[in-house]
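In: Got a predicted structure plus its sequence, pasted below:
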Amino acid sequence: MSRCAMETSRFHRRRLSHPTPPSPPKSNVTRLTDSVIRAGDGKSRMGKLPPMRLVVARCSVDYTGRLTAHLPMAPRLLMIKADGSILVHADGGSYKPLNWMTPPCSMKEEEGLWTVTNTKTGDSLRITIEEILHDSSHELGTDPGLRKDGVESHLQELLAADPTPLGEGYTLVRREFPTAIGPVDLMCRDPHGASVAVEIKRRGEIDGVEQLTRYLELLNRDPLLSPVQGVFAAQVIKPQARVLAEDRGIRCVTVDYDALRGTVDQTQPTLF
């Protein structure tokens, strides 16, 4: 047997007589909640959205980073969300958390202590837990998102279908009537055939009046349209905006979104 073969044989015998010890099992006390917070994109290594975890506990919270903050021991709600954020809530202060950590971050959970570290900034949140009163996880899945009702596009669509709330006998010429500085929400005609430019807002403020004023100045230069009247329509019109509009010859109209949709039965008595 060659010298090289003999050395190789001795090496394998040593490995067999001294096998590599197995890795110690993970402790039940310390674990990384990687599936919740590792990437900050709301997905675990398996690609699934992790459950939201809600913990009610008596705890104190210490934040260290761009500033330091301390919350003394008290019952609080700890929320670990699928997007990687951790929020500390109390039974007060409206919807805002008392403290929080945004992703990407990692969390080490030990007996009586959670340590949350932002992997980009190094900021840390140490939650010292005296007693856990509730601990649950919930699969919420993918949220479809917020669908806003009563936004300007909805008001425009409803008033385009029936412009009579803007003025008796009004008819629609075009939605999004083009101009060199942007489209006018509605171009209508009154019963006498005169052009009417309508600007629609959910909340009528001075900026909306200024916007309609610019449209009117430009539209009145067109001999085929001039004279063009202006109507400023909104669900709520601030007093300052109303005064400015009326001073510039712009008529203000307050519209009721529910009435436009036909969801209010006008035959039923109301309190006011």
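Out: Received, thanks. Residues are numbered from 1 along each chain as shown.
In: Would you map the helices across the stretch 151-272 of the chain?
Out: 152-161, 206-219, 239-247, 257-261 (DSSP state H, counting those that start in this stretch).
In: For the longest one, which residues meet the burial criterion?
Out: So that's helix 206-219. Gly208, Val209, Gln211, Leu212, Thr213, Tyr215, Leu216, Leu218, Leu219 (16 or more other CB atoms under 10 Å). All C-beta atoms are positioned from the backbone trio N, CA, C, and that covers glycine.
In: on that earlier part again, just put the helices of the stretch 151-272 of the chain in TSV and tack on mean pLDDT.
Out: What follows is the helices of the stretch 151-272 of the chain, written out as TSV (pLDDT from 0 to 100):
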stretch	mean pLDDT
helix 152-161	88
helix 206-219	95
helix 239-247	96
helix 257-261	84
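In: CSV for the buried residues of helix 206-219, including distance to Gly65?
Out: Below are the buried residues of helix 206-219 laid out as CSV (distance: CB to CB, whole Å):
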residue, distance to Gly65
Gly208, 41
Val209, 45
Gln211, 42
Leu212, 47
Thr213, 48
Tyr215, 49
Leu216, 52
Leu218, 51
Leu219, 54
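In: and which of those residues is nearest to Asp91?
Out: Gly208 (40.0 Å; CB to CB).
In: wait, the closest one sits on Ala233?
Out: No - if you go by CB atoms under 8 Å, Gly208 and Ala233 don't touch, sitting 9.5 Å apart.
In: residues shared between the contacts of those two?
Out: Glu199, Lys201 (CB atoms under 8 Å, 6 or more residues apart in numbering).
In: Enumerate every residue touching Ile127.
Out: Taking CB under 8 Å, 6+ apart as the test, what Ile127 contacts is Cys59, Ser60, Val61, Leu78, Val88, Leu113, Trp114, Thr115, Val116.
In: let me fix that: Phe232
Out: 198-199, 201, 204, 208-209, 212, 241, 245, 250-253.
In: Just the buried residues of those.
Out: Buried, going by 16+ other CB under 10 Å: Val198, Glu199, Lys201, Gly204, Gly208, Val209, Leu212, Ala241, Ala245, Ile250, Cys252, Val253, out of the contacts of Phe232.
In: from those residues, which is closest to Pro183?
Out: Glu199 (10.5 Å).
In: Next one: the closest one relative to Glu246, how far apart?
Out: 14 Å (CB to CB, to the nearest Å).
In: Then Tyr215?
Out: In terms of CB to CB, Tyr215 sits 17 Å off from Glu246.
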